[in-house]
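A.B. asks: Sequence plus the predicted model coming up.
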Amino acid sequence: MKYLFFDYDGTLAYNGKISEANIKALEKARAAGHKIFLHTGRSKANVPDEVFYDIVWDGMICGKGYMEYNGRVLFEYTLSSDVLIRALKYCDEKDVRILWEGVERVYSNRPNEWLVDIYEHLLAADSLRITNLQIAGPMPERDKALFSDVELCCFSGYSEISPKGITKSTGLKIFEKEIGVSHSDIIVFGDSENDLEMVEYAETSVIMNHAPSMLWKYAALRTDSDENGVAEGIEKILFNTK
């Protein structure tokens, strides 16, 4: 039995859509007795509903700090109100959008019909179960010191904040220890620089064709396809299809 962990954006879903081939491949893997997990940087509340309608998951790691397995919460690491308020003030001063991504809901200083108004919940910040933050736009180098007490990942168009020491490999390590899973039975699927920690950690990693070169050396397979890369990886790694 293998335990397969799938990044969402750019991996399972390409250009925002999960291909029929990917869905069928997940079903095939599960029917063969393997376990499948969503492993996304998005919080649980920020995952599109169709991901749970179209696919039966054995578990999920969301926002790096939250994990469910067989319907049970295995761990939950959330951000303190101090971090939440500090990041909000920073974004208000910079006039950029922030998302407080939670297990149950997503809050923003730019609310809409889907994003809840942050300012209506400031006094209850500690109870909102916020696992990660997303700050729009690039963060200047000089500002990074403001968040030295958390895990800060900066990319060209946005920055992510999670609790200190929590990365995309953390959940895999905890899962192995708590459930008693062999490291060699973990297989991860990713596509971007924010998947680096899990791709580097796993013994078997599958990366999508468009993945940046920093991931290549850690991959057992780089797919030929992007849209159907998950299906290709499952067939080649689990079923030895050439």
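C.D. replies: That came through, no problem. Numbers count the residues shown, from 1 in each chain.
A.B. asks: ranges for the strands of this structure?
C.D. replies: Secondary structure of the chain (DSSP state E): strands at 3-6, 35-40, 59-62, 66-69, 72-76, 98-102, 106-108, 116-117, 130-136, 151-154, 158-162, 186-190, 204-207, 221-222.
A.B. asks: would you turn these into a markdown table with mean neighbour count?
C.D. replies: Placement of C-beta: from N, CA and C, glycine included. Below are those laid out as a markdown table (neighbours: other CB atoms under 10 Å):
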| stretch | mean neighbour count |
| --- | --- |
| strand 3-6 | 24 |
| strand 35-40 | 23 |
| strand 59-62 | 24 |
| strand 66-69 | 22 |
| strand 72-76 | 13 |
| strand 98-102 | 26 |
| strand 106-108 | 22 |
| strand 116-117 | 16 |
| strand 130-136 | 24 |
| strand 151-154 | 19 |
| strand 158-162 | 22 |
| strand 186-190 | 27 |
| strand 204-207 | 24 |
| strand 221-222 | 16 |
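A.B. asks: For those strands, could you give me CSV that also reports mean pLDDT and distance to Asp82?
C.D. replies: Formatted as CSV, the strands of the chain follow (pLDDT from 0 to 100; distance: least, CB to CB, whole Å):
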stretch, mean pLDDT, distance to Asp82
strand 3-6, 98, 31
strand 35-40, 98, 26
strand 59-62, 98, 23
strand 66-69, 97, 20
strand 72-76, 96, 18
strand 98-102, 98, 13
strand 106-108, 98, 16
strand 116-117, 98, 20
strand 130-136, 98, 12
strand 151-154, 94, 15
strand 158-162, 95, 12
strand 186-190, 98, 31
strand 204-207, 98, 35
strand 221-222, 98, 41
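A.B. asks: Could you give the average pLDDT over the longest helix along the chain?
C.D. replies: Assignment by DSSP state H gives helix 81-94 as the longest helix of the chain. Mean per-residue pLDDT for helix 81-94: 97.
A.B. asks: Using CSV, write out every CA atom in that helix.
C.D. replies: The C-alpha coordinates for helix 81-94 follow below in CSV (Å, rounded to 0.1, in the frame of the first residue of the first chain):
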residue,chain,number,x,y,z
SER,A,81,-4.1,36.8,17.0
ASP,A,82,-0.9,38.8,17.4
VAL,A,83,0.3,37.5,14.0
LEU,A,84,-3.1,37.9,12.4
ILE,A,85,-3.5,41.5,13.5
ARG,A,86,0.1,42.4,12.7
ALA,A,87,-0.2,41.0,9.2
LEU,A,88,-3.5,42.8,8.6
LYS,A,89,-2.0,46.2,9.7
TYR,A,90,0.9,45.6,7.4
CYS,A,91,-1.4,45.0,4.4
ASP,A,92,-3.6,47.9,5.3
GLU,A,93,-0.6,50.2,5.3
LYS,A,94,0.6,48.8,2.0
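A.B. asks: on that earlier part again, would you convert the strands of the chain into JSON lines that also reports distance to Leu196?
C.D. replies: JSON lines is the format used below for the strands of the chain (distance: least, CB to CB, whole Å):
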{"stretch": "strand 3-6", "distance to Leu196": "14"}
{"stretch": "strand 35-40", "distance to Leu196": "13"}
{"stretch": "strand 59-62", "distance to Leu196": "15"}
{"stretch": "strand 66-69", "distance to Leu196": "19"}
{"stretch": "strand 72-76", "distance to Leu196": "21"}
{"stretch": "strand 98-102", "distance to Leu196": "20"}
{"stretch": "strand 106-108", "distance to Leu196": "25"}
{"stretch": "strand 116-117", "distance to Leu196": "31"}
{"stretch": "strand 130-136", "distance to Leu196": "16"}
{"stretch": "strand 151-154", "distance to Leu196": "9"}
{"stretch": "strand 158-162", "distance to Leu196": "13"}
{"stretch": "strand 186-190", "distance to Leu196": "8"}
{"stretch": "strand 204-207", "distance to Leu196": "10"}
{"stretch": "strand 221-222", "distance to Leu196": "15"}
